[in-house]
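**Student:** Sequence and predicted structure, then a few things I'm wondering about:
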Amino acid sequence: MTAVRQAPGTAQPAPSQPPAPPARRRTTGLRRAEPETPPGRVARLLPRTVAARIRTLTAVSLVLLVALLAVAWAAIANAREGVRVIGQDAGPQVVATGDLYFQLTDMDAQLANALLAGGAAGGARDQALARYNDNRLKAGDALLKAAKLADERTEENTARDVLDALGRYERLAGQALLLDRQSDRASGAPSAEVIGLYRQATDLMKLDLLPKAYNLTLDNGTLVRHTYEDKRSAVLTGRMWVLITGLALLVVLAGFQLYLAKRFRRMLNVPLALATLASLVLVVTGTAMLSGQASHLRQAKEDGFDSILSLARARAISNSAAADETRFLLDPDRADAYEQVYLNKSQTVLYLPAGNLTEYNKAVQGDLSFEPGRARFLGFLGTEANRPTESGEQLSQMVNALNKALADYQKVQANDRQMRDLVHAGKRSEAIAARASAAEDFAVYDRSLQSLIGLHQKEFDEAVKDGDDGTSGWYTVLPIAGVAIALLVLVGVRPRLAEYRWSK
């Protein structure tokens, strides 16, 4: 086969190569713009313009101001309600029923004294009957006051039951006194019929009258305690929220001031600065006022009311125990029972460990000195000695008055021991005479308790008065301060908004 020759001057063909890939097709025209990422949910809520930011900060400031005024108003209302209940409503009602309890026990004590004295010379029966009638009138007045202050149906029913039982007691007491007078005895024990009537009367007093009278005290004492706990807690919570909302308002106003200074190149916005200063004063004074109200409530309840109620109970039980001494002499058949009851009541007033009355008297005659808050004895007087009290003149007065009452109580117990020793020695007439002569020592002890109650009553009255005065005028101050601060904020903002619109 003949090869084909290439003509001279013709380029030689290149060696064989793999075929090139097809050229990519070039696109023509403009590229489609990628869509912008939409702003986040939070970003969409934030104001985007200066004017919107100013309006937002203004609205936040006003909302926080309204919240501050609202929580302060509610806290003040709780403080005033607590002071009203403790100082003017349930508190005085408890004191009135406490007086009622004492008058009832003293009625029964004087009835026993009158029957024990009989027609003996010296006028002891007439004195006892005069005091009996005086207590009867005072008990009636205290009962009427308690019924008047009662604001619930159960309290009204209890007061009505006490009044009915008091009428039945007086009938039995009158029959016993009339029958004893008709016997025309000069001395000696009353007749069995008189003793029987007296037993009915004193059982009615101990088992019906006194428990119901104490129920009145207990119901209202519970109301005072619950009111104190609820309202004081509400005041302290309100104080906390005043601080929280007040600090939030101050932070917003301060931030507002810095924003306006940076954006509008002003060193100070005077109206806004005044609004910040007024808010600071309102928060500080409001917090201090609520702290004072919580302190006044605590003082009225713990330092005043609790001590008054405790000491009034000690006074009434002491008087009832003194009546048991008379019953011990008046009714020999029940002498052992009255002696045990006397021990129980004595340990309620001042508790020291003792298995019988002899051991108790020996313990009482020991050292009763104490450091406030660290007494070694219990009972109502122990509660008073262990009650925390502020230092200073107040503490000194309380300690001196309580030491006086303790010393007088030791004398009362020593007289009781002497009287019982005479009875056990078979010297009944001498024991009756000793019981009569010991009446003055008991009166001194009773006056010591009244003096101590008076100190706490003074403290209670001062705390209630301070509580009333502490919130006086705040219902006027709050709205005026709120309006003034709001106007200052608006006055400070308005020129900046106008300046911003003009600059645009």
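**Tutor:** Nice, I can see it.

**Student:** From here on, just use CA atoms for contacts and neighbour counts.
**Tutor:** Will do.

**Student:** just the helices in the stretch 201-350 of the chain please.
**Tutor:** Taking DSSP state H, counting those that start in this stretch as the test, the helices found in the stretch 201-350 of the chain are 210-264, 270-298, 306-330, 335-349.

**Student:** Show residues contacting stretch 425-434.
**Tutor:** Here stretch 425-434 makes contact (Cα atoms under 8 Å, 6 or more residues apart in numbering) with 329, 415, 418-420, 422-423.

**Student:** which one among those residues gets closest to Arg298?
**Tutor:** Asn415 (39.3 Å; Cα to Cα).

**Student:** Could you tell me how many residues sit around the closest one?
**Tutor:** By other Cα atoms under 10 Å, the residues close to Asn415 number 19.

**Student:** Remind me which helix or strand it belongs to.
**Tutor:** Using DSSP states H and E, Asn415 sits within helix 393-424.

**Student:** Could you check the angle that helix makes with helix 306-330?
**Tutor:** Angle, helix 393-424 to helix 306-330, by axes from the mean of the first three to the mean of the last three Cα atoms, to 10 degrees: 10 degrees.

**Student:** Let the chain start at 32 from now.
**Tutor:** Okay, residue one is now 32; in that scheme the one you just asked about reads as helix 424-455.

**Student:** mind listing what's buried in helix 424-455?
**Tutor:** Residues of helix 424-455 classed as buried by neighbour count (16 or more other Cα atoms under 10 Å): 429-430, 432-447, 450-451, 453-454.

**Student:** Tell me which of the helices of the stretch 232-381 of the chain lies nearest to Ala512.
**Tutor:** Ranking the helices of the stretch 232-381 of the chain by proximity to Ala512 (Cα to Cα) places helix 301-329 first, at 7.7 Å.

**Student:** Against which helices or strands is the closest one packed?
**Tutor:** Using 3 or more Cα pairs under 8 Å, 6 or more residues apart in numbering; DSSP states H and E, the elements in contact with helix 301-329 are helix 81-115, helix 241-295, helix 470-501, helix 505-534.

**Student:** Look up how far Ala494 lies from the spatially most central residue of the chain.
**Tutor:** When Cα atoms, centre = their mean is applied to the chain, the residue found nearest the centroid is Tyr259 (2.9 Å). Separation of Tyr259 from Ala494 (Cα to Cα, to the nearest Å) stands at 13 Å.

**Student:** Find the residues that touch each one of these two.
**Tutor:** Counting by Cα under 8 Å, 6+ apart, the contacts common to Tyr259 and Ala494 are Leu328.

**Student:** Flag the shaky bits of the stretch 32-181 of the chain, pLDDT-wise.
**Tutor:** 32-79, 81, 150-153, 177-181 (pLDDT under 70).

**Student:** for it, what spans make up the helices?
**Tutor:** 72-76, 81-115, 121-148, 155-180.

**Student:** highest average neighbour count across these?
**Tutor:** A comparison of these by mean neighbour count, using mean count of other Cα atoms under 10 Å, puts helix 121-148 on top with a mean of 25.

**Student:** angle of that helix against helix 241-295?
**Tutor:** With the same axes, to 10 degrees as the basis, helix 121-148 and helix 241-295 are set at 160 degrees to each other.

**Student:** Show me what helix 121-148 is packed against.
**Tutor:** Of the remaining helices and strands, those touching helix 121-148 by 3+ Cα pairs under 8 Å, 6+ apart are helix 155-180, helix 184-214, helix 241-295, helix 337-361.

**Student:** So which bits of the second one are buried?
**Tutor:** Burial within helix 184-214, assessed by neighbour count using 16+ other Cα under 10 Å, is assigned to 186-187, 189-190, 192-194, 196-197, 199-200, 203-208, 210-212.

**Student:** one step back: wait, which of the helices of the stretch 232-381 of the chain is closest to Glu390?
**Tutor:** The closest of the helices of the stretch 232-381 of the chain to Glu390 is helix 366-380. By Cα to Cα, the value is 10.3 Å.

**Student:** How about residues contacting the closest one?
**Tutor:** For helix 366-380, contacts defined as Cα under 8 Å, 6+ apart pick out 345, 348-349, 352-353, 355-356, 358-360, 387-388, 391, 410-412.

**Student:** now swap in stretch 162-169 and tell me
**Tutor:** 131, 134-135, 137-139, 141-142.

**Student:** Including distance to Val301, could these go into CSV?
**Tutor:** CSV is the format used below for the contacts of stretch 162-169 (distance: Cα to Cα, whole Å):
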residue, distance to Val301
Leu131, 64
Gln134, 68
Leu135, 70
Asp137, 72
Met138, 74
Asp139, 76
Gln141, 78
Leu142, 80
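
**Student:** So which of those residues is the closest to Val312?
**Tutor:** Of all the contacts of stretch 162-169, Val312 sits closest to Leu131, with 48.7 Å by Cα to Cα.

**Student:** Verify the contact between the closest one and Lys176 for me.
**Tutor:** No. Using Cα atoms under 8 Å, Leu131 is not in contact with Lys176, being 9.6 Å away.

**Student:** Pipe the helices and strands packed on helix 121-148 into a markdown table and attach distance to Leu321 per row.
**Tutor:** As requested, these are exported to a markdown table (distance: least, Cα to Cα, whole Å):
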| stretch | distance to Leu321 |
| --- | --- |
| helix 155-180 | 29 |
| helix 184-214 | 33 |
| helix 241-295 | 6 |
| helix 337-361 | 22 |
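
**Student:** right, so of those, which gets closest to Ala108?
**Tutor:** The closest of those to Ala108 is helix 241-295. By Cα to Cα, the value is 8.8 Å.

**Student:** now this protein, which segments are flagged as low pLDDT?
**Tutor:** Looking at the chain by pLDDT under 70, you get 32-79, 81, 150-153, 177-183, 215-219, 295-297, 420-424, 526-535.

**Student:** how about a cut-off of 50?
**Tutor:** 32-47, 54, 57-68, 73-74, 533-535 (pLDDT under 50).

**Student:** follow-up on the earlier one: including distance to Lys332, could the helices of the stretch 32-181 of the chain go into JSON lines?
**Tutor:** Formatted as JSON lines, those follow (distance: least, Cα to Cα, whole Å):
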{"stretch": "helix 72-76", "distance to Lys332": "51"}
{"stretch": "helix 81-115", "distance to Lys332": "10"}
{"stretch": "helix 121-148", "distance to Lys332": "9"}
{"stretch": "helix 155-180", "distance to Lys332": "19"}
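
**Student:** looking at these, which is closest to Leu238?
**Tutor:** Of the helices of the stretch 32-181 of the chain, nearest to Leu238 by Cα to Cα is helix 121-148, at 12.1 Å.

**Student:** If we ignore the residues flanking it in sequence, what's nearest Ser351?
**Tutor:** Thr136 (5.4 Å; Cα to Cα, 6 or more residues apart in numbering).

**Student:** Can you give me every residue that contacts the one you found?
**Tutor:** Going by Cα under 8 Å, 6+ apart, Thr136 touches 236, 241, 347-348, 350-351.

**Student:** Check Phe408 too.
**Tutor:** Neighbours of Phe408 in contact, by Cα under 8 Å, 6+ apart: 381-383, 399.

**Student:** What residues of whichever strand or helix holds Asn392 count as buried?
**Tutor:** Under the criterion of DSSP H and E, Asn392 resides in helix 388-395. Residues 388, 391-392, 394-395 are the ones in helix 388-395 that count as buried (16+ other Cα under 10 Å).

**Student:** how far does that helix sit from the chain's center?
**Tutor:** Relative to the centre of its chain, helix 388-395 is centred 36 Å away, using Cα atoms, centre = their mean, to the nearest Å.

**Student:** What of stretch 515-525?
**Tutor:** On Cα atoms, centre = their mean, the centre of stretch 515-525 falls 41 Å from that of its chain.

**Student:** buried sites along it?
**Tutor:** Across stretch 515-525, burial judged by 16+ other Cα under 10 Å covers 516-524.
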